[in-house]
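1. Have a look; sequence and predicted model below, questions after that.
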Amino acid sequence: QNDRPTLRFVTCGSVDDGKSTLVGRLLYDSKTLLDDQLDALASESRTAGTTGGDLDFALLVDGLQAEREQGITIDVAYRFFATKLRRFIVADTPGHAQYTRNMATGASNADLAVVLVDARKGVITQTRRHSHILSLLGIRHVVLAVNKMDLIGFDGDRFAAITAEYLTLAGQLGISQVQCIPVVAPDGDNIVAASARMPWYTGPTVTAYLESVDVEGDVSQRPFRLPVQWVNRPHADFRGFCGRIASGTIRAGDAVAVQPSGRQTRVARILTPGGERDRATAGESITLTLADEVDVSRGDVLSAGSAPQISDQLAAHLVWFDDEAMAAGRRYVLKCGTASTGAVISTLKHRIAIDTMAEESAATLDANEIGHVHLSLDRPLVFEAYRDDRDMGSFILIDPISHRTAAAGMIDISLCRATNIH
Ligand code: GDP
């Protein structure tokens with residue numbers, strides 16, 4: 001059953017909207033999966049792409065999990081369940097308004113968000129905040145679960161009004177696909193089975209929608225990128241470059257370039273845990289061997305097609321995590337994919353008021369605040385804009401003294417194209 005595709009989603013809502021009840025219901029109603037399969041899925045998702053002992057920082061969230069032992073409390077619970085059609089990983093985050101960092105962590109790896117509202121309250125400030133953060137994190141698919149329909153007498157007109165208000169908000173935020181579903185979480189109405197109490201609703205149930213929604217995006221259609229996680233050199237005759245394909249497809253014999261050096265060569269062999277292959281695609285963990293003896297190390301990117309972005313000057317959105325406020329001019333360690341370099345936040349351009357998304361001037365960022373910054377790196381980084389590639393466009397900043405994860409970042413664009421990198 002391991003060929004079923006996995007959908008990652010995050011739940012968000014205010015305290016008491018019914019998130020735990022809804023997730024509990026989804027788990028309860030899909031109790032088909034055995035515990036050992038769940039364990040396998042859990043460990044698989046934690047170690048995706050990792051062939052060496054190190055954590056794969058391309059999975060931003062894993063990096064954050066590792067850092068959590070180092071002082072920052074990130075409250076995200078990951079749960080696993082499956083139906084006949086799909087496997088699911090749900091990141092469940094607490095609803096406390098102040099914990100933007102929890103939500104950002106949970107959403108950083110998600111394909112879709114289930115946003116809960118209480119039918120009695122409708123779209124509230126917290127719904128707007130969460131939706132703003134989702135849009136910043138590049139989430140384009142939302143299920144709006146209008147919960148506690150029993151407490152408003154299953155009123156279809158009220159549901160329609162909440163739906164209309166949310167669709168306006170989603171449109172402003174660029175969240176392109178929204179499915180609104182009226183539910184009663186404890187009773188399971190419209191969660192797995194259609195609700196007899198709301199015959200006026202003819203759309204899909206939550207489970208049916210999650211099973212069928214297409215979130216693949218075009219990451220497999222984008223140019224090939226393999227951030228090198230680890231160089232495997234068991235003996236002098238073999239040199240393999242291991243990692244998880246961030247985007248695109250590669251075939252044996254294809255021309256590839258080593259970035260940032262730009263050195264050209266060809267793929268000799270594609271090795272996977274399941275044996276040698278002719279081709280591999282985004283999301284798969286592979287080992288490549290190359291036709292020529294070229295210099296490749298951890299943190300480099302093997303690319304095909306158009307060149308990736310390369311720069312030592314970045315513009316990015318930051319979600320500040322650390323209780324110690326952001327300090328412009330201070331040195332941090334930036335980890336992006338498998339690469340790591342020293343970095344300085346050269347300018348804080350503005351802070352974003354999360355309730356309204358308005359830009360406001362600020363001298364610093366406190367924990368859970370979001371800002372737009374310019375960064376100056378010690379050496380050129382190979383990356384993509386976050387909107388094109390969430391793996392290669394996101395990074396974390398580590399405080400070199402406390403070793404805490406100070407912030408998570410999403411790269412907008414390079415400020416200048418680096419030249420003469422060698
Ligand atoms: P969370 O804080 O968002 O995780 O909310 P919970 O799942 O803990 O639910 C909060 C309270 O609301 C609990 O007492 C639930 O039983 C109740 N609740 C959740 N969903 C519904 C619903 O659809 N109808 C009614 N009447 N109560 C609900």
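-> All right, it came through fine.
2. ok, residue 331 - contacts?
-> 342, 343, 344, 400 (C-beta atoms under 8 Å, 6 or more residues apart in numbering). Any C-beta I mention is one placed from the backbone N, CA and C, and that applies to glycine too.
3. number of nearby residues for the closest residue to the last one other than its chain neighbours?
-> Meaning residue 400. Nearest residue to residue 400, sequence neighbours excluded (C-beta to C-beta, 6 or more residues apart in numbering): residue 333, at 5.6 Å. Residue 333: 16 surrounding residues under other C-beta atoms under 10 Å.
4. partners of residue 333 in the sheet?
-> Assessed by DSSP bridges, residue 333 has beta-bridge partners residue 342, residue 398.
5. What sits closest to whichever residue of the stretch 251-400 of the chain sits closest to the ligand if chain neighbours are left out?
-> Closest approach between the stretch 251-400 of the chain and the ligand, counting by C-beta to the nearest ligand atom: residue 368, at 19.0 Å. Using C-beta to C-beta, 6+ apart and skipping residues adjacent in sequence, the residue nearest residue 368 is residue 100, 4.0 Å away.
6. Thought residue 369 was touching that neighbour, still the case?
-> Yes - at 7.4 Å, residue 100 counts as touching residue 369 under the criterion of C-beta atoms under 8 Å.
7. joint contacts of the two?
-> Joint contacts of residue 100 and residue 369 (C-beta under 8 Å, 6+ apart) are 319, 354.
8. Contact partners for the nearest residue to residue 248 once chain neighbours are set aside?
-> Nearest non-adjacent residue to residue 248, counting by C-beta to C-beta, 6+ apart: residue 224, 3.3 Å away. If you count contacts by C-beta under 8 Å, 6+ apart, residue 224 has them with 245, 247, 248, 249, 250, 254, 256, 302, 303, 304, 305.
9. Let's see that with 7 Å instead.
-> 247, 248, 249, 250, 303, 304, 305 (C-beta atoms under 7 Å, 6 or more residues apart in numbering).
10. Let me know the average pLDDT across stretch 341-357.
-> The pLDDT scores in stretch 341-357 average 90.
11. which residues are contacting that stretch?
-> Contacts for stretch 341-357 (C-beta under 7 Å, 6+ apart): 100, 125, 128-129, 132-133, 326, 328-334, 359-362, 364-365, 369-379, 381, 397.
12. Surely residue 377 and residue 335 touch.
-> No - between residue 377 and residue 335 there is no contact under C-beta atoms under 7 Å: 11.6 Å.
13. Which one's more surrounded, the two?
-> The residue with more neighbours, out of residue 377 and residue 335, is residue 335; 22 against 19, by other C-beta under 10 Å.
14. what pLDDT does the more buried one get?
-> So residue 335 comes in at 90 (pLDDT).
15. what do you get for residue 94?
-> Residue 94 carries a pLDDT value of 61.
16. same check, this time on residue 135
-> Value listed for residue 135 in the pLDDT field: 86.
17. Are we agreed that it is in a helix?
-> Yes - assessed by DSSP: H, G, I helix; E, B strand; the rest coil, residue 135 belongs to a helix.
18. these two touch, right, residue 80 and residue 91?
-> No - Residue 80 is beyond contact range of residue 91, at 10.9 Å (criterion: C-beta under 7 Å).
19. and those two? which has more neighbours close in?
-> Neighbour totals were compared for residue 80 and residue 91, and residue 91 leads with 23 against 19 (other C-beta under 10 Å).
20. The one helix or strand the more buried one maps to: partners in the sheet, and parallel or antiparallel?
-> Using DSSP states H and E, residue 91 maps to strand 87-92. Sheet pairing of strand 87-92 (DSSP bridges) gives strand 6-12 (parallel), strand 77-82 (antiparallel).
21. Which residue, other than its chain neighbours, is closest to residue 161?
-> That would be residue 122: by C-beta to C-beta, 6+ apart, it lies 7.3 Å from residue 161.
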